[in-house]
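Undergrad: Predicted model, plus sequence, below.
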Amino acid sequence: MTKPLNPQRRVVGGRAVVNRDWIREFTGASVGTAARWYKVRDEQPKEHRHPEKERIDGTDFYDEQQFRSFYTWFQQDKASKVLKADPALYELNPEDIVSINKAAALLSFNGPSVIRKYRRDNPDYFPDSVGEVEGPTGRMIPGFRVGDLQDFDQKRTGDKLGKAGRRPGPQPNAAVGRPSALEEALAAELSAYTREELSATQLAEQYAAEAIERDGYHPGLAAELSVQYGGPQRSWEYVVRNALEHRPAPAPARSEADQRAVIALAALRERGDVRGLAASLAREHGGSPDVWSRAVNAARRLTDPTT
C-alpha cells in the first residue's frame, strides 16, 4: 500500500520552506521524478535552479519561492521541447485519411513504431485509427483522420492538463523509490514527457525497436544501446527482448507463382478473359506461355471459385 503524503510547510527566518511531500502534492510528481529534479539541479539554469535542501528536525525542506521559480521554468522548458508538427499537417483537409507512415512524418515522430507504441501502451492518448489504407508495399496499414491528428498536435503542450498528463495531486499508481537506472540514463529525453505519455522503459523499447527496424537484430545490440544511451546492459537486454516480442510478424513472401497470378488477375480485370492472354503476358513479363497459362487459370479460379 502506498504511504500517504505528509506535506509540510514552515516559515523559518521569514522564509517559507516546504518538504518533499509538499512538492509532490503541488506538482503531482512521483518520488523518482521529485528526486531527479534535485539530483540534476547543477544542470539547471542558476537563476531557476532547484533549491538546496535544508535539514529541519530530521526532514529535508526546500525554499518554497525558489522551488516555485524552478517549477515554472521546468514547465516552460518542457513545453519548448514538445515535438513540432510539420506545417503541412494544417494544410490538409481535416476529413482526409492518411497512412500511419504519413501520420508519423507529419507529427515529426521517428517512425510509425512510435504511434504503434502509443496505441499499445497508452490507448487513450493517441487518436484511434479510422480504417486501413494501402501502404508503400501494397499491404493495408492503419489510416488516421487528419482532423484527429491536428487535435492531437494542439494538445501536445507539455503541461499536465492534456489527455496524457497528470493533474496536480498524489497519483494512486505512482512509482515509488529511487529513479531506475534507465530513468537516470534517459533523464534528458524523458523531460519532454509526463510519466503517462512515456516511461523510461517504453522510451528505451522505442529506441530498440527503431534500431532493429533500421539495422536488424544482432546479439550485441543491447551492449551497443547501453553505450549509446547509457544505463546497464542488463536493462537493455530486457528492453530488446520486449521489442522483439512486440515486433509485428513479417508478411510471408509471395512465391513467383503467386506473383504471376496477381499480375494475371489484374490483366483479367482490365482486359477481360480474351484469347491469347497467357501468350501476351509472357511477352510482356518474360517466361514461357505455359507458365503464364497456369497463372491465368489460377486467376480465373480467384474470380470464380466454382470453376
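TA: Structure received.
Undergrad: could you pull out the strands for the protein?
TA: 9-12, 15-19, 53-56, 59-63, 97-99, 131-134, 140-145 (DSSP state E).
Undergrad: got JSON lines for the ones you listed, with mean neighbour count, mean pLDDT and distance to Ala295 too?
TA: C-betas here are computed from N, CA, C, even on glycine. Output for the strands of the chain, formatted as JSON lines (neighbours: other C-beta atoms under 10 Å; pLDDT from 0 to 100; distance: least, C-beta to C-beta, whole Å):
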{"stretch": "strand 9-12", "mean neighbour count": "12", "mean pLDDT": "92", "distance to Ala295": "80"}
{"stretch": "strand 15-19", "mean neighbour count": "18", "mean pLDDT": "95", "distance to Ala295": "77"}
{"stretch": "strand 53-56", "mean neighbour count": "13", "mean pLDDT": "94", "distance to Ala295": "77"}
{"stretch": "strand 59-63", "mean neighbour count": "18", "mean pLDDT": "95", "distance to Ala295": "76"}
{"stretch": "strand 97-99", "mean neighbour count": "18", "mean pLDDT": "94", "distance to Ala295": "30"}
{"stretch": "strand 131-134", "mean neighbour count": "13", "mean pLDDT": "91", "distance to Ala295": "23"}
{"stretch": "strand 140-145", "mean neighbour count": "19", "mean pLDDT": "94", "distance to Ala295": "23"}
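Undergrad: between those, which gets nearest to Trp37?
TA: Closest to Trp37 of the strands of the chain is strand 59-63 (C-beta to C-beta; 9.9 Å).
Undergrad: Ser99 is in contact with Pro142, isn't it?
TA: Yes: the criterion here is C-beta atoms under 8 Å, and Ser99 meets it with Pro142 at 7.4 Å.
Undergrad: Now the common contact residues for the two.
TA: Shared contacts of Ser99 and Pro142, defined by C-beta atoms under 8 Å, 6 or more residues apart in numbering, are found at Val133.
Undergrad: Tell me which residues touch the residue minimising distance to the centre of the chain, please.
TA: In the chain, the residue lying closest to the centroid (C-alpha atoms, centre = their mean) is Val114, at 3.0 Å. Shown in contact with Val114 (C-beta under 8 Å, 6+ apart): 104, 206.
Undergrad: so how far is Asn101 from it?
TA: Applying C-beta to C-beta, to the nearest Å, the value for Val114 to Asn101 is 11 Å.
Undergrad: Ok, Ala35 next?
TA: In terms of C-beta to C-beta, Ala35 sits 39 Å off from Asn101.
Undergrad: burial of Cys278, as a residue count?
TA: No Cys there; residue 278 is Ala. 20 (other C-beta atoms under 10 Å).
Undergrad: what does the one 3 residues further on give?
TA: Other residues near Leu281 number 23, with proximity taken as other C-beta under 10 Å.
Undergrad: Grab the nearest non-local neighbour of Val17.
TA: Phe61 (4.0 Å; C-beta to C-beta, 6 or more residues apart in numbering).
Undergrad: I should have written Phe67 there, sorry.
TA: Using C-beta to C-beta, 6+ apart, the nearest residue to Phe67 is Pro51, at 5.5 Å.
Undergrad: Am I right that the one you found is in contact with Tyr71?
TA: No: judged on C-beta under 8 Å, Pro51 makes no contact with Tyr71 at a distance of 10.7 Å.
Undergrad: So Asp128 versus Leu149, what's the distance?
TA: When Asp128 is compared with Leu149 (using C-beta to C-beta), they lie 12 Å apart.
Undergrad: Comparing those two, which shows the higher neighbour count?
TA: Using other C-beta under 10 Å as the criterion, Asp128 and Leu149 rank with Leu149 on top: 24 against 11.
Undergrad: Next, the contact list for that one, please.
TA: Leu149 neighbours (C-beta under 8 Å, 6+ apart): 89, 98, 103, 106-107, 127.
Undergrad: Just give the closest residue to Leu281, not the sequence neighbours.
TA: That would be Trp292: by C-beta to C-beta, 6+ apart, it lies 4.4 Å from Leu281.
Undergrad: Just confirm that neighbour contacts Ala282, I think it does.
TA: Yes: checked against C-beta under 8 Å, the pair Trp292 and Ala282 is within contact range at 4.6 Å.
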